[in-house]
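>>> got a structure for you, letters missing:
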């Protein structure tokens with residue numbers, strides 16, 4: 001990734017400190033929870049196009065849950081590069097028509113008159129035009145670790161997460177099942193210990 005000598009995990013920490021200070025001091029940076037939106041540490045926060053042109057990339061912290069579990073809200077950072085060629089399952093950064101909100105969603109279908117986008121944690125699809133697209137995700141951090149979109153683990157994730165909706169529901173259920181069971185068992189033990 002084009003970060004020079006700065007490691008992606010260090011950049012993530014810097015961006016997160018910067019994003020928390022901005023989000024707590026100004027409501028202008030509040031985003032809808034339904035979209036994974038992002039902004040960068042710099043003077044052109046709302047102009048990733050400028051940063052891609054100037055630096056060759058745009059790095060931003062994620063705000064929102066629409067790309068969960070791949071990208072976690074307020075924890076992960078993405079690197080976006082200029083778009084060369086689009087293909088199905090690319091994760092694109094684009095501006096929503098009407099309100100100029102930055103959104104990071106997956107390209108699920110290339111149509112004749114546009115592109116169909118959907119977040120990994122959503123079922124509602126959105127149609128966009130080529131003019132709205134800013135860039136394509138080239139890498140990201142997840143739980144503080146640098147992840148490549150070319151890795152086998154990422155490709156398996158994409159395969160599982162882009163399956164038809166009934167299968168996607170089953171995958172989400174199985175993914176969350178251990179956490180739910182652990183929570184229920186823990187509550188039972190807590191109730192039992194309070195009685196004793």
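Noted; the coordinates are in hand. Keep in mind the model is a prediction, meaning the values are calculated, not measured.
>>> Ramachandran angles for the nearest residue to residue 125 once chain neighbours are set aside?
Taking Cβ to Cβ, 6 or more residues apart in numbering, and ignoring the residues beside it in sequence, residue 125 has residue 118 as its nearest neighbour in space, at 4.7 Å. Quick note: C-beta positions are derived from backbone N, CA and C, even for glycine. Torsion angles at residue 118 (phi, psi; degrees, to the nearest 10) stand at phi -160, psi 140.
>>> shouldn't residue 118 be in contact with residue 104?
No. Applying Cβ atoms under 8 Å as the test, residue 118 and residue 104 come out as separate, 11.6 Å apart.
>>> picking up where we left off before, to what extent is the residue nearest to residue 125 buried, counted in neighbours?
Using other Cβ atoms under 10 Å, residue 118 is surrounded by 17 other residues.
>>> do residue 123 as well
Residue 123: 9 neighbours (other Cβ under 10 Å).
>>> Residue 169: how many residues sit nearby?
Residue 169, neighbours per other Cβ under 10 Å, totals 12.
>>> for it, helix, strand, or coil?
Of the three states, residue 169 takes helix under DSSP: H, G, I helix; E, B strand; the rest coil.
>>> Before we move on, what's the pLDDT of it?
Per-residue pLDDT puts residue 169 at 70.
>>> Spit out the contact partners of the residue nearest to residue 125.
Residues near residue 118 by Cβ atoms under 8 Å, 6 or more residues apart in numbering: 105-106, 108, 124-126.
>>> ok, now which ones touch residue 154?
Residue 154 neighbours (Cβ under 8 Å, 6+ apart): 147-148.
>>> one more time with 10 Å
70, 139-140, 142, 147-148 (Cβ atoms under 10 Å, 6 or more residues apart in numbering).
>>> How are the helices of this structure distributed by residue range?
8-25, 48-55, 152-161, 165-195 (DSSP state H).
>>> Check which helices and strands the second one sits against.
Which is helix 48-55. Here helix 48-55 touches strand 58-63, strand 77-81, strand 91-95, strand 133-142, going by 3 or more Cβ pairs under 10 Å, 6 or more residues apart in numbering; DSSP states H and E.
>>> out of those, which comes closest to residue 161?
strand 91-95 (11.0 Å; Cβ to Cβ).
>>> Just give me how far the closest one sits from the chain centre.
For strand 91-95, the separation from the chain centroid amounts to 10 Å (computed by Cα atoms, centre = their mean, to the nearest Å).
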